[in-house]
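Novice: Any chance you can model this:
(2 chains)
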Amino acid sequence: MNTPVKRWQSLLLWGGLTLAVVAVHLLGRAGLVSGYLLQILQLIGINIMLTASLNLVNGYLGEFAIGHAGFMAVGAYVSALFTVKWHLPFPLALLAGAVAAGFFAWLVGIPAFTTFGDYLAIITLGFNMIVVNLINNIDYLGGPRGLPGLPRATNLLWVYALTALSLLVLRNLVRSNYGRLWVAIRESDIAAELMGAEVRRLKLLALVIAGTIAGAAGALWGHLLQYIHPRSFDYIKSTEMLVMVYLGGMGSLAGSVLGATLYTALMEMLRGLKEWRPVVGPLILILIMLRMPRGLMGLRPPDLGRLLRPRREKGVAT
Amino acid sequence: MAIFIQQLLNALQLGGIYALIALGYTMVYGVLKLINFAHGDIFMAGAFIGFFLATYLKLPFVATLLGSMVLTALLGVTVERVAYRPLREAGAPRMSLVITALGVGLFLENFTRATVGAEPRNFPRLLETAAWDLGGVALTSLQFLIIGTALALMLALRYLVRHTLVGKAMRAVADNPEILGLMGVNVDRIIIFTFVLGSTLAAAGGILYAQAYPVLDPYMGIVVGWKAFIAAVVGGIGLIDGAMLGGVILGSTEVFVAAYLPSTYRDGIAFAILILVLLLRPTGLLGRPVVKKV
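Specialist: Model prediction:
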């Protein structure tokens, strides 16, 4: 079946990709690659960060967070606070946005994980709506008018570096003991708890990591488009992230990369549909659920679930 | 005191509408253990169907109400047949159903926006409004009608679930669908019936809402649906009485908060109530604690 990727192959792949990205970036600076294409590439990177981090919670941990845009909003607005209002350098703003979003994820996780069942879904969605509502009410942040004038600090290199870093962190985490514990919790949290796993702390950890990455993605996004608006972070955005996760496949980081790339490119190609375009995303989501519930790469390649279940069984959905 | 009673009437009006929608969430959750995130948009569809019936067919109030209830029930059943049932039959995990429900909700919103347009529509006033003065408290006929209709529908539903055979079957599905199937009951039919009931009540809620707050837009179902959902959770999800209680509690807090604090705090307070209830009584005010068994 699939042979493990050798170390030199992986190095070659990452090295080649890095060279290609730097080349595109330099060509873009020289005006040889259109700004439009550069922007799409950056959006793809940002969406990969959002999708892969959400997949950590929904795919590996098997919980059900549906308010990821809320963390993205925190990241975007906190970083904008740093650059627009306090004129601090972008890297600091980026860090602050990520940390703030991680902190909010922790806050959300405390009530969500003390209870059980669908409550993470309810609380994350509620959190998403509250964040949007709150921003709408804070005049200092522009309220419903949005916050313009963010410096154009994000570029392809920033996005690439952070996407690669996020994927690296996530990959190492899901391959570590933490990853094994998360998958154990996914398969049966009671059994995991009985085996001595600190279920609540582990769940919180996954949510905080996911929130932090989403916050960083939000900060990048804000400083790419230079204008942020509360409505761009509502639950429609969150659902979009779910589409990308499920398109790529639950519990597969490679799937998330693929899902985010395909979905972002597709939505860009469908711009001509105008007001019918937003109908496509939910339709894809419904069709994936009905026709290929495991997504494009769900629970296949570098996947821990494969080791844990008997060989005969072909498809176990999460 | 008069002001207080006046606010109480407003609270009952809003709470009754929330309760009607909350009942749909709670019934579907009881029967399928599914948070039907599309339900708020079924409510929106009910209001829009009513708008078209009243504006273009010039139907009077009762005909609009009944027509919208029937057509919205059809929509609810279609959603069940097309999106939820195939998943149930494939034995998909519960999470897939919830995600599908989110997708259906978003689809309904964006589809409505694409066909009807994004600009808000004004729902025609179908009733002459009279106001009575009851010792300093003004009761409008509209308030009376909304509270009365909501109450009548809820009592009818309560009777149906408690005292009829189909109600018994619904409770039995909620308890254990597999055993009920083995007993020879067509579980799918009971589920469809549940969706019919839920969508009908949501449509009624939509029409009543549109009479009280006559501006419709394709995204109106999000916030109202979310509030109704909180109401269902606060009362105890899966419980009919819980949904009614939750609706009134949520309606009251909203009205009283708006009366004494800036109205922008409304949504935040609704959410705070949700978190508090989830922390203190995760099964809701009327719910019994659940023991998790291995």
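Novice: Secondary structure class of A:Leu296, three-state.
Specialist: Under the three-state scheme (DSSP: H, G, I helix; E, B strand; the rest coil), A:Leu296 adopts coil.
Novice: Show the contacting residues for it.
Specialist: Neighbour list for A:Leu296: A:Leu247, A:Gly248, A:Gly249, A:Gly255, A:Leu258, A:Gly259, A:Leu262 [criterion: CB atoms under 8 Å, 6 or more residues apart in numbering or on different chains]. No exception for glycine: its C-beta is placed from N, CA and C like everyone else's.
Novice: just these now: which is nearest B:Gly184?
Specialist: Nearest to B:Gly184 among the contacts of A:Leu296: A:Gly249, at 39.7 Å, using CB to CB.
Novice: so which helix or strand takes in B:Ala174?
Specialist: Using DSSP states H and E, B:Ala174 sits within helix B:165-175.
Novice: For that helix, enumerate the helices and strands it packs against.
Specialist: Under the contact criterion of 3 or more CB pairs under 8 Å, 6 or more residues apart in numbering or on different chains; DSSP states H and E, helix B:165-175 touches helix B:2-32, helix B:141-163, helix B:177-182, helix B:187-212.
Novice: Let me have these in a markdown table, adding distance to chain A as columns.
Specialist: Below are those laid out as a markdown table (distance: least, CB to the nearest CB, whole Å):
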| stretch | distance to chain A |
| --- | --- |
| helix B:2-32 | 9 |
| helix B:141-163 | 23 |
| helix B:177-182 | 18 |
| helix B:187-212 | 17 |
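Novice: how about JSON lines for those, with mean pLDDT added?
Specialist: Output for the helices and strands packed on helix B:165-175, formatted as JSON lines (pLDDT from 0 to 100):
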{"stretch": "helix B:2-32", "mean pLDDT": "90"}
{"stretch": "helix B:141-163", "mean pLDDT": "91"}
{"stretch": "helix B:177-182", "mean pLDDT": "87"}
{"stretch": "helix B:187-212", "mean pLDDT": "94"}
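Novice: Looking at those helices, which is nearest to B:Leu276?
Specialist: Once these are compared by CB to CB, helix B:2-32 is nearest, at 17.7 Å.
Novice: Just list what the helix or strand following the closest one packs against, helices and strands only.
Specialist: Sequence-wise, the next helix or strand downstream of helix B:2-32 (DSSP H and E) is helix B:39-56. Helix B:39-56 sits against helix B:2-32, helix B:61-79, helix B:94-116, helix B:187-212, strand B:215-216, helix B:220-235, with contacts defined as 3+ CB pairs under 8 Å, 6+ apart.
Novice: which parts of helix B:39-56 are buried?
Specialist: B:39-54 (16 or more other CB atoms under 10 Å in any protein chain shown).
Novice: That helix: how far from the chain's middle?
Specialist: Centroid displacement of helix B:39-56 relative to its chain, using CA atoms, centre = their mean, to the nearest Å, is 14 Å.
Novice: where does the stretch 51-200 of chain A come near chain B, residue by residue?
Specialist: A:64, A:66, A:111, A:114-116, A:118-119, A:121-123, A:125-126, A:129-130, A:133-134, A:136-137, A:190 (CB under 8 Å from any CB of the partner chain).
Novice: Quick one: buried ones out of those residues?
Specialist: Counted by 16+ other CB under 10 Å, these give A:64, A:66, A:111, A:115, A:118-119, A:121-123, A:125-126, A:129-130, A:133-134, A:136-137 as buried.
Novice: Out of those, list just those in helices.
Specialist: Under the assignment DSSP state H, those contribute A:111, A:119, A:121-123, A:125-126, A:129-130, A:133-134, A:136-137 to helices.
Novice: out of these, which one sits closest to B:Leu75?
Specialist: Checking these one by one against B:Leu75 (CB to CB), the nearest turns out to be A:Leu125, at 22.9 Å.
Novice: still on that earlier bit, could I get the helices and strands packed on helix B:165-175 as JSON lines with mean neighbour count and distance to B:Ser96?
Specialist: Below are those laid out as JSON lines (neighbours: other CB atoms under 10 Å in any protein chain shown; distance: least, CB to CB, whole Å):
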{"stretch": "helix B:2-32", "mean neighbour count": "24", "distance to B:Ser96": "12"}
{"stretch": "helix B:141-163", "mean neighbour count": "16", "distance to B:Ser96": "28"}
{"stretch": "helix B:177-182", "mean neighbour count": "14", "distance to B:Ser96": "17"}
{"stretch": "helix B:187-212", "mean neighbour count": "24", "distance to B:Ser96": "16"}
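Novice: In a markdown table: the ones you listed, plus distance to A:Ala80.
Specialist: Output for the helices and strands packed on helix B:165-175, formatted as a markdown table (distance: least, CB to CB, whole Å):
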| stretch | distance to A:Ala80 |
| --- | --- |
| helix B:2-32 | 36 |
| helix B:141-163 | 43 |
| helix B:177-182 | 50 |
| helix B:187-212 | 36 |
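Novice: So B:Asp133: helix, strand or coil?
Specialist: Using three-state DSSP, the structure places B:Asp133 in strand.
Novice: Could you tell me how many residues sit around it?
Specialist: Neighbour count for B:Asp133, taken as other CB atoms under 10 Å in any protein chain shown: 8.
Novice: need the contact list for it.
Specialist: So B:Asp133 contacts nothing (CB under 8 Å, 6+ apart).
Novice: That one and A:Gly45: what is the separation?
Specialist: Going from B:Asp133 to A:Gly45 by CB to CB, to the nearest Å gives 65 Å.
Novice: again, but for B:Tyr29
Specialist: 39 Å.
Novice: for A:Asp139, same thing?
Specialist: Counting by CB to CB, the gap from A:Asp139 to A:Gly45 is 33 Å.
Novice: Look at those two and report which has more neighbours.
Specialist: A:Gly45 (28 against 9).
Novice: could I get whichever strand or helix holds that one in PDB with only the CA atoms?
Specialist: Assigning secondary structure by DSSP H and E places A:Gly45 in helix A:35-55. Provided in PDB are the C-alpha atoms of helix A:35-55 (Å, rounded to 0.1, in the frame of the first residue of the first chain):
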ATOM      1  CA  GLY A  35      -1.200  40.700  -7.500                       C
ATOM      2  CA  TYR A  36      -4.400  38.800  -7.900                       C
ATOM      3  CA  LEU A  37      -2.600  35.500  -8.100                       C
ATOM      4  CA  LEU A  38      -0.400  36.400  -5.200                       C
ATOM      5  CA  GLN A  39      -3.500  37.200  -3.100                       C
ATOM      6  CA  ILE A  40      -5.200  33.900  -4.000                       C
ATOM      7  CA  LEU A  41      -2.000  32.000  -3.000                       C
ATOM      8  CA  GLN A  42      -2.000  33.800   0.300                       C
ATOM      9  CA  LEU A  43      -5.700  33.100   0.900                       C
ATOM     10  CA  ILE A  44      -5.000  29.400   0.200                       C
ATOM     11  CA  GLY A  45      -2.300  29.400   2.800                       C
ATOM     12  CA  ILE A  46      -4.500  31.200   5.400                       C
ATOM     13  CA  ASN A  47      -7.300  28.800   4.700                       C
ATOM     14  CA  ILE A  48      -4.900  25.800   5.100                       C
ATOM     15  CA  MET A  49      -4.100  27.100   8.600                       C
ATOM     16  CA  LEU A  50      -7.700  27.500   9.500                       C
ATOM     17  CA  THR A  51      -8.700  24.100   8.100                       C
ATOM     18  CA  ALA A  52      -5.800  22.100   9.500                       C
ATOM     19  CA  SER A  53      -6.300  23.600  13.000                       C
ATOM     20  CA  LEU A  54     -10.000  23.000  12.900                       C
ATOM     21  CA  ASN A  55      -9.300  19.400  11.800                       C
END
